[in-house]
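[1] predicted model and sequence below, questions to follow.
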Amino acid sequence: MRLTVVGCSGSFAGPASPASCYLLSADDGERTWRVALDLGNGALGALQRHVDPASLDALLLTHLHPDHCMDVTGLYVTRRYRPQGPLPTRLPVYGPAGTADRLAAAYEGIDDVGMTRELDFRRLSDTIPVHIGPFVITPYRVNHPVEAYGFRVESGGRVLAYTGDTDACPALSRLMRDADLVLADSAFVDGRDHIPDIHLSGSRAAQAAVDAGGVGRLVLTHIPAWNDPQVCRAQAAAVWCGEGREVELAEPDATYEV
């Protein structure tokens, strides 16, 4: 399973990165399957450096804040208004309740069927796995002000855990346990951000990984442009420490073999 960081800026697109989007690819012996996790502000443009959006097999949205879903409106355009004509099949898009209506409302003047001719909207449910080619993706409801999920992705005996946006919560242990790589929200900074139930800090992300047990690599993501990433890394490293443990920072266009 290969992970490509398309965008990792938190809360809004930054000067060096789009907002949240992660591309996963894996081969089942017959072909390569491609799944995107989130498609936030600016991500559709960067995604095209890595893959033709028409080749995606599915898109999963952790939640409906714009920095995780707004470029679905552009994805709709790429499928509906192609010079060659609309694509013949609908793209499965998994998300929280109301995803189809929310995205249709963001596209002024769309007709009564919204984006449903091009996009096959499907509802995520807590702990109910989604099967897409070689991927098994289990959503876990996490701690954010809206309906939001983290994703545990399994393929070829390997595990990626992506927290989405969350503060500390019991679901993180099930999400992260024995994961080969954890992509963890680190939008908040200890000592500065005090509002609970929105985001993890570096130290809380690291503590969740320690508590879960068996985590191989910890990669901090969703760091807003106003944060110093090295501060986030240092706060995580004070917890995620010991032999063989190094806190990593997500960077746009970076790839990981999970």
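    Alright, I've got the coordinates. Numbers count the residues shown, from 1 in each chain.
[2] what does the helix or strand where Glu248 lies contact?
    In this assignment (DSSP states H and E), Glu248 forms part of strand 247-249. Contact partners of strand 247-249, identified using Cβ atoms under 8 Å, 6 or more residues apart in numbering, comprise 202, 206, 217-221, 223, 229, 232-233, 236-237, 240. Yep, even glycine has a C-beta here, placed from its N, CA and C like the rest.
[3] mind listing the strands for the stretch 101-250 of the chain?
    Taking DSSP state E, counting those that start in this stretch, the strands of the stretch 101-250 of the chain run over residues 119-123, 130-132, 135-141, 149-155, 158-162, 181-185, 217-221, 247-249.
[4] pLDDT on the last one, on average?
    Mean pLDDT, taken over the full extent of strand 247-249, equals 98.
[5] that strand: partners in the sheet, and parallel or antiparallel?
    Using DSSP bridges, the strands paired with strand 247-249 are strand 217-221 (parallel).
[6] check the first one too.
    Sheet pairing for strand 119-123, assigned by DSSP bridges, gives strand 91-95 (parallel).
[7] now the nearest residue to Ala209 once chain neighbours are set aside: how far from Ala234?
    Nearest non-adjacent residue to Ala209, counting by Cβ to Cβ, 6 or more residues apart in numbering: Val215, 4.4 Å away. Look at Val215 and Ala234: by Cβ to Cβ, to the nearest Å, they are 19 Å apart.
[8] between the two, which one's more packed in?
    Val215 (23 against 14; other Cβ atoms under 10 Å).
[9] specify the beta-bridge partners of the residue most central in space within the chain.
    For the chain, the residue nearest the mean C-alpha position is Leu37 (4.1 Å; Cα atoms, centre = their mean). Beta-bridge pairing of Leu37 under DSSP bridges involves Tyr22, Leu60.
[10] separation between it and Phe135?
    Shown here: Leu37 relative to Phe135, a distance of 10 Å by Cβ to Cβ.
[11] so what sits against both of the two?
    Shared contacts of Leu37 and Phe135, defined by Cβ under 8 Å, 6+ apart, are found at 24, 153.
[12] check contacts around the residue lying closest to Arg2 once chain neighbours are set aside.
    In space, and not counting its chain neighbours, Arg2 is closest to Ser25: 4.9 Å by Cβ to Cβ, 6+ apart. Counting by Cβ under 8 Å, 6+ apart, Ser25 makes contact with 1-2, 4, 32-35, 51.
[13] helices of the stretch 51-200 of the chain, start to end?
    66-69, 72-80, 99-105, 171-176 (DSSP state H, counting those that start in this stretch).
[14] many thanks, I have nothing further to ask.
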